[in-house]
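Novice: Using only what follows, build the 3D model:
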Amino acid sequence: MILTRETGWIRFRPAQERRCRSVWSGVAMLSVALLAGAGGAAEGQTFSVLHSFSGPDGAAPQSVLVMDASGNLYGTTANGGSGSYGTAFKLDSSATLTTLANLSTSSGNGYSPYAGLVLYAGNLYGTTYQGGAYYNGTVFKIDSNGVFSTVYNFPGGADGAHPAAALVADAAGNLYGTTYGGGTGYGTVFELNPTTGTLTWTHALAYGEGANPYAGLVLDSVGGNLYGTTYYGGTYGQGTIFTLTTSGTGFTVLHAFSGTDGTNPYGGLVRDSSGNLYGTTAYGGTAYAGTVFKLDTSAVLTTLYSFTNGTDGESPYATLAMDSAGNLYGAAEYGGNTSATGCLGSYYTPPGCGTVFELTKSSSTPPTYSFKLVHTFTYGDGANPFAGLFIDPTGNLYGTTLYGGTPSSGNPYGTVYKIAAESPQAMILALIGQVNALLQSGVLNSGGANSLVTHLQKALSTLGKSNTTPTISHLQAFINEVQGLENAGALTPTEAQTLIDAANAVIALL
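Specialist: Model (predicted):
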C-alpha cells in the first residue's frame with residue numbers, strides 16, 4: 001500500500017512499482033480542400049469527460065466499466081465515498097452519477113474495491129481487497145433493488161485472501177476469480193456459488209505456476225476452460241499465463257515471462273473466436289516500458305508491440321479490449337505528454353498522464369498489427385489510466401483514470417471518459433489524407449492519386465443513406481485499383497495493404 005500525494009487515501013500498488021514510482025517529478029490535395037469547403041471536415045474519435053470525481057462521490061477509479069442493456073455504466077472507486085473506503089457507482093446515459101454503495105469498515109463489510117463489477121441476472125457482483133469478517137477481503141452483491149450484501153468473506157489460508165480482480169460468471173451464474181494472497185502464500189484461483197455463499201473449489205498457486213495474480217479470468221464457455229495471468233512467479237519469476245478447467249483441474253502454465261517478451265502482467269486476457277489470447281505486461285520489452293502480446297493456440301507468444309517510454313505511453317497495466325474486427329484497445333498509465341503537470345511519473349521517464357492506444361489488425365494472412373495513438377491525457381481530462389476499456393455495441397470506448405479531471409468543487413480524483421467511435425466519413429477523409437501523403441512523397445503520380453481520390457469522393461457522396469451498397473461498391477472499386485497499383489509496382493505490398501485495411505475498416509462499419 002502507498003499513500004497518494006493528493007489525498008492521503010491508501011491505494012493499492014505492486015511491491016515492484018513502489019520501488020520505481022516517483023511523484024511530480026496537387027490535384028488530390030485540391031479534392032480534399034473542396035470537400036472540406038463544401039461540407040466541413042468531419043471529426044474523428046471525439047474524447048469527452050463524462051464525470052470527474054471529487055471525493056465524496058468516489059476517488060481513484062481503477063477498474064474496467066460494465067454496461068447494461070439500457071446504456072448505464074457501472075464501476076467502482078478504490079477510495080472516496082462517505083467513509084473514504086471506496087464506492088460502487090452507476091453512471092446513466094445522461095452522465096448522472098448515482099452512488100450504489102459506500103464501502104466501510106463497519107459490520108464486517110469489505111472495503112477498497114480495486115476490481116470492477118460483473119452483471120448477471122440483474123445483479124452486480126464485485127470484490128473488495130480488504131475488510132470483511134477476517135480482514136482479507138470479500139465478494140459482495142448489489143441486487144436489482146440496490147440492496148448491498150456480503151456474499152463471501154475470505155478467511156485467508158487455503159481459501160485465499162485479498163481478491164484484487166473482477167469476477168467472471170458462467171451461464172449458470174457460478175463466479176470464478178483469483179486472490180492475490182492466501183493458498184500457500186502465492187494466491188489462489190477459485191469458484192464461488194453465490195447462492196450458497198460457498199467456495200466450490202480452490203486452487204492454491206505454487207510459485208512455479210505463477211504467483212500473486214492481480215487479474216481476473218477469461219472463460220471459454222464452450223471448452224470449459226479458464227485463462228489468467230500472474231504478476232510474479234513462474235520459471236523466471238516475472239509472471240505467467242495459465243489455464244485450468246472450470247472444475248478446478250488440469251492447471252497448466254502456457255507461458256512464463258522472462259524479460260524481453262515482457263514482465264509482470266498485471267491485466268487479464270482477452271480471447272478471440274479462434275482461441276488466441278491477448279494481453280499486456282506492465283514492464284519488460286525492448287525499453288522495459290511494457291508490451292502487448294498474443295499467445296496462440298499452440299502456446300507460442302508473439303510480442304505485438306513494445307512501448308518506448310515516449311509519446312506512445314509506458315506501463316500498460318490494463319486488460320485489453322477487442323472489437324468485432326479484432327482490433328485491440330488499451331491504456332498506458334504513464335508517458336504520453338511529459339510536459340503535463342500533476343501527473344505520476346516513474347523511475348524511467350518524466351511524469352506523464354498516460355495514453356489510450358489502438359493496435360489495428362490488418363486483413364492480411366497472417367495478420368499484422370499497427371500502433372495508433374488514440375488519446376493523450378493532459379490531467380484536466382484525466383490522468384494515469386489504470387483500468388481497461390469497455391467497448392459498446394456501436395464501437396464507443398469507455399474508461400476511467402486514477403487522477404485528474406476538473407470537478408466544479410474540491411480536488412480532481414479521477415474521471416470516467418468516453419471516446420466516440422470514429423465515423424465512416426472521418427475515416428474516408430483520413431484515407432484521402434493517406435493517398436495525399438503518397439502523392440506528396442512521390443510514391444504516386446497525380447493521375448494515380450486522383451483516380452483513387454475520385455472513388456473515395458463518390459463513397460463520401462453516398463454516405464448516410466439507408467442503402468449502403470453504393471458506398472461499399474465505391475470503396476471496393478478503390479480497393480481493386482489499389483491492388484492494380486500494387487501489381488504494377490507503383491505501391492509496395494505494405495503501402496497497398498495499409499490502404500486496403502483502411503477501406504475495409506470503413507466497410508465493416510457500414
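
Novice: So Ala437: helix, strand or coil?
Specialist: helix (DSSP: H, G, I helix; E, B strand; the rest coil).

Novice: and what of Asp501?
Specialist: Assignment for Asp501 (three-state DSSP): helix.

Novice: now the one 3 residues further on
Specialist: Assigned with three-state DSSP, Asn504 falls in the helix class.

Novice: how many other residues sit next to it?
Specialist: By the other Cβ atoms under 10 Å criterion, the neighbourhood of Asn504 contains 15 residues. Glycine gets a C-beta too; all of them are placed from N, C-alpha and C.

Novice: Now for it: which residues touch it?
Specialist: Taking Cβ atoms under 8 Å, 6 or more residues apart in numbering, we find Asn504 in contact with 363, 479.

Novice: separation between it and Leu431?
Specialist: 11 Å (Cβ to Cβ, to the nearest Å).

Novice: ditto for Gly228
Specialist: The gap separating Gly228 from Leu431 is 39 Å, by Cβ to Cβ.

Novice: which of the two has more neighbours?
Specialist: Gly228 (28 against 24).

Novice: mind checking which helix or strand the more buried one is in?
Specialist: Element membership for Gly228 (DSSP states H and E) is strand 225-230.

Novice: Can you tell me the centre-most residue of this structure?
Specialist: Gly388 (2.7 Å; Cα atoms, centre = their mean).

Novice: That residue contacts Ala332, doesn't it?
Specialist: No - between Gly388 and Ala332 there is no contact under Cβ atoms under 8 Å: 11.4 Å.

Novice: Provide the contact partners of the strand holding Gly228 at residue level.
Specialist: 168, 176, 178, 186-187, 189, 205, 209-213, 215-220, 239-246, 254, 265-269, 271, 277, 279.

Novice: following that strand, which helix or strand comes up?
Specialist: Next along from strand 225-230, by DSSP H and E: strand 240-245.

Novice: Given that following strand, what are its sheet partners and their directions?
Specialist: strand 225-230 (antiparallel), strand 252-256 (antiparallel) (DSSP bridges).

Novice: Tell me where the stretch 351-500 of the chain is predicted with low confidence.
Specialist: For the stretch 351-500 of the chain, residues meeting the criterion pLDDT under 70 lie at 351, 408-411.

Novice: I figured Thr127 hits Tyr111, correct?
Specialist: No - between Thr127 and Tyr111 there is no contact, the gap being 11.2 Å when judged by Cβ under 8 Å.

Novice: neighbour count winner among those two?
Specialist: Set Thr127 next to Tyr111 and count neighbours by other Cβ under 10 Å: Thr127 wins out with 32 against 25.

Novice: Can you tell me what sits against the helix or strand harbouring that one?
Specialist: Thr127 is part of strand 123-128, with elements assigned from DSSP H and E. Applying Cβ under 8 Å, 6+ apart, the contact partners of strand 123-128 are 74, 76, 86, 88, 100, 103, 109-118, 137-144, 151, 163-167, 169, 175, 177, 194.

Novice: Mind checking what helix or strand follows that strand in sequence?
Specialist: strand 130-131.

Novice: So for that following strand, mean pLDDT?
Specialist: On average, the pLDDT along strand 130-131 is 96.

Novice: do the same with stretch 209-217
Specialist: 98.

Novice: Run the chain-centre distance for that stretch.
Specialist: 17 Å (Cα atoms, centre = their mean, to the nearest Å).

Novice: what ranges do the helices span in this protein?
Specialist: Taking DSSP state H, the helices of the chain run over residues 15-20, 27-39, 424-440, 446-461, 469-487, 493-509.

Novice: right, and the ones you listed - which one's nearest Ala340?
Specialist: helix 15-20 (19.7 Å; Cβ to Cβ).

Novice: Could you find the closest non-adjacent residue to Thr311?
Specialist: Sequence neighbours aside, Gly336 is the residue nearest to Thr311 in space, at 6.1 Å (criterion: Cβ to Cβ, 6 or more residues apart in numbering).

Novice: The one you found: what's it in contact with?
Specialist: Taking Cβ under 8 Å, 6+ apart as the test, what Gly336 contacts is 311-313, 352-355, 376-377.

Novice: Mind checking which of those residues are buried?
Specialist: 312-313, 352-355, 376-377 (16 or more other Cβ atoms under 10 Å).

Novice: Return the closest of the residues you listed with respect to Ala496.
Specialist: Asp312 (25.5 Å).

Novice: correct me, but that closest one touches Gly330?
Specialist: No - the criterion here is Cβ under 8 Å, and Asp312 misses it with Gly330 at 11.2 Å.

Novice: Now the common contact residues for those two.
Specialist: With Cβ under 8 Å, 6+ apart as the test, Asp312 and Gly330 both reach Phe357.

Novice: Tabulate the contacts of Gly336 (JSON lines), appending distance to Phe47.
Specialist: Compiled in JSON lines, those are given as follows (distance: Cβ to Cβ, whole Å):
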{"residue": "Thr311", "distance to Phe47": "16"}
{"residue": "Asp312", "distance to Phe47": "17"}
{"residue": "Gly313", "distance to Phe47": "15"}
{"residue": "Gly352", "distance to Phe47": "17"}
{"residue": "Cys353", "distance to Phe47": "13"}
{"residue": "Gly354", "distance to Phe47": "13"}
{"residue": "Thr355", "distance to Phe47": "12"}
{"residue": "Thr376", "distance to Phe47": "10"}
{"residue": "Phe377", "distance to Phe47": "9"}
